[in-house]
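*Asks:* Structure for the following, please:
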Amino acid sequence: MDKKRVLVTGAAGFIGSHLCDRFIKEGYEVIGMDNLLTGNIANIEHLFGLKEFSFAHHDVSKFVHVPGRLDYILHFASPASPIDYLKMPIQTLKVGSLGTHNLLGLAKEKKARLLIASTSEVYGDPLEHPQKETYWGNVNPIGPRGVYDEAKRFQEAITMAYHRYHGLETRIVRIFNTYGPRMRMEDGRVLPAFFSQAIRGEKLSIFGDGTQTRSFCYVDDLVEGIYRLLLSDYALPVNLGNPQEITMLDFAKEIIALVNNPKAEISFHPLPVDDPKQRRPDITLANEILKWSPSFDRAKGLAITYEYFKKIVKVDE
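*Replies:* Below you'll find the model as predicted:
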């Protein structure tokens, strides 16, 4: 029997590249697609020699054609960090709307199952804590972060419309803060920023007073949850993340202790507009439906991630 074929968009990105690895390992034929706007070809170059892997340099906001059979599509193409989507607001909106529409059309044509990467940002600055999938969110649609939040909310809406109207097999994952090797150093997210600042002996930048919280999930745990969700029969959104919550101030102190650079200190800066004060997933649904919960504790995941950043952060002698 022929190998099952899966298309991964955003394949050269942080999470997309790890998904490519997982599906190759599981015996699939993988087509990676990326326009390399924020992706890094180095994340997948180790796959280029494999006959099970092919790469298409393409923007999914334009018409998408993939010859032959397709069994699954995973839509992970999008700028995903504040520094990216604030710099590329139109592209962010287009990949969430036009890109999703194109891939839904492709899935319908191929009779493939489509999984979309949504985000905890659909909850905005949440008034419910922790956030359950039933919470509708507290989003400012015209604020600077709205380009990402609303792109993802629209993405969920059109995906459910195709599911209900066309009977298309769809899955929706709401991803909470994820970390691990292959994160971009300059992508503006807290973990790469803290690691690069600590390794260089710079001040770690904390926005606000550092009491805002995040919950960090190691990438291998996330990929396991996504794989289980894709193969499940559940069509409504599912939170995936690690419910172990930490303040930004305590997180900075953890990174400083791990890196152990005596020059690394903490500096405080004004809080960005609409920055969520609390972020922690309720993963009861994932636990019940997918029998999934994170297996990496933060200390183990951070130690692996630190080894990666030690190799890519340049330190002035």
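*Asks:* Okay, helices next: where are they in the stretch 201-317 of the chain?
*Replies:* Here the stretch 201-317 of the chain has its helices, by DSSP state H, counting those that start in this stretch, at 219-230, 248-259, 284-290, 298-312.
*Asks:* ok, and for the shortest one, which residues are buried?
*Replies:* Right, helix 284-290. Residues of helix 284-290 classed as buried: 285-286, 290 (neighbour count, 16 or more other C-beta atoms under 10 Å). Yep, even glycine has a C-beta here, placed from its N, CA and C like the rest.
*Asks:* Please name the residues that touch the nearest residue to Ala264 once chain neighbours are set aside.
*Replies:* Excluding its sequence neighbours, the residue lying closest to Ala264 (C-beta to C-beta, 6 or more residues apart in numbering) is Ala198, at 4.3 Å. Ala198 sits next to 204, 255-256, 258-259, 261, 264 when contact means C-beta atoms under 8 Å, 6 or more residues apart in numbering.
*Asks:* Looking at the residues you listed, which is nearest Phe309?
*Replies:* Taking C-beta to C-beta as the measure, Phe309 sits nearest to Val259 out of those, at 8.9 Å.
*Asks:* Regarding the closest residue to that closest one other than its chain neighbours, what is its secondary structure?
*Replies:* Leaving aside its sequence neighbours, Val259 sits nearest to Ala198 (C-beta to C-beta, 6+ apart; 4.0 Å). With DSSP: H, G, I helix; E, B strand; the rest coil as the basis, Ala198 sits in helix.
*Asks:* what's the closest of the buried residues of helix 284-290 to Thr213?
*Replies:* Ala286 (19.9 Å).
*Asks:* how near is the residue lying closest to the closest one once chain neighbours are set aside to Met248?
*Replies:* Of all residues not flanking Ala286 in the chain, Trp292 sits nearest, at 4.7 Å (C-beta to C-beta, 6+ apart). Distance of Trp292 to Met248, given as C-beta to C-beta, to the nearest Å: 27 Å.
*Asks:* what helix or strand is Leu70 on?
*Replies:* Using DSSP states H and E, no element contains Leu70; it sits outside every helix and strand.
*Asks:* Next up, the contacts around it.
*Replies:* 5-7, 106-107, 110, 112.
*Asks:* same thing with Pro82?
*Replies:* Contacts for Pro82 (C-beta under 8 Å, 6+ apart) come out as 145, 148, 188-189, 272.
*Asks:* isn't the residue nearest to Ala286 right up against Asn239?
*Replies:* No. Counting by C-beta atoms under 8 Å, Trp292 does not reach Asn239; the two are 10.4 Å apart.
*Asks:* Mutual contacts of these two, please.
*Replies:* The contact sets of Trp292 and Asn239 overlap at 283, 286 (C-beta under 8 Å, 6+ apart).
*Asks:* Between these two, point out the one with more neighbours.
*Replies:* A direct count of neighbours by other C-beta atoms under 10 Å for Trp292 and Asn239 places Asn239 higher, at 25 against 22.
*Asks:* what about the nearest residue to that one once chain neighbours are set aside, distance to Glu133?
*Replies:* Once flanking residues are discounted, Asn239 sits nearest to Pro281: 4.2 Å by C-beta to C-beta, 6+ apart. Look at Pro281 and Glu133: by C-beta to C-beta, they are 9 Å apart.
*Asks:* okay, and the common contacts of these two?
*Replies:* Residues touching both Pro281 and Glu133 (C-beta under 8 Å, 6+ apart) are 174, 239.
*Asks:* more crowded one of these two?
*Replies:* Using other C-beta under 10 Å, the more surrounded residue of Pro281 and Glu133 is Pro281, with 27 against 18.
*Asks:* Was I right to think that one contacts Gln131?
*Replies:* Yes. Between Pro281 and Gln131 there is a contact at 6.1 Å, judged by C-beta under 8 Å.
*Asks:* what is in contact with these two at once?
*Replies:* Common neighbours of Pro281 and Gln131 (criterion: C-beta under 8 Å, 6+ apart): 120, 239.
*Asks:* ok so, going back, and the residue nearest to Ala264, what's its pLDDT?
*Replies:* Each residue has a pLDDT score; the one for Ala198 is 94.
*Asks:* try Asp275
*Replies:* Asp275 carries a pLDDT value of 69.
*Asks:* now the helices for the stretch 1-150 of the chain?
*Replies:* Counting by DSSP H, counting those that start in this stretch, the segments of the stretch 1-150 of the chain that form helices are 14-25, 82-87, 89-94, 100-110, 146-166.
*Asks:* With distance to Val64 and mean pLDDT added, can I get those in JSON lines?
*Replies:* Formatted as JSON lines, the helices of the stretch 1-150 of the chain follow (distance: least, C-beta to C-beta, whole Å; pLDDT from 0 to 100):
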{"stretch": "helix 14-25", "distance to Val64": "15", "mean pLDDT": "98"}
{"stretch": "helix 82-87", "distance to Val64": "21", "mean pLDDT": "89"}
{"stretch": "helix 89-94", "distance to Val64": "13", "mean pLDDT": "96"}
{"stretch": "helix 100-110", "distance to Val64": "5", "mean pLDDT": "98"}
{"stretch": "helix 146-166", "distance to Val64": "15", "mean pLDDT": "97"}
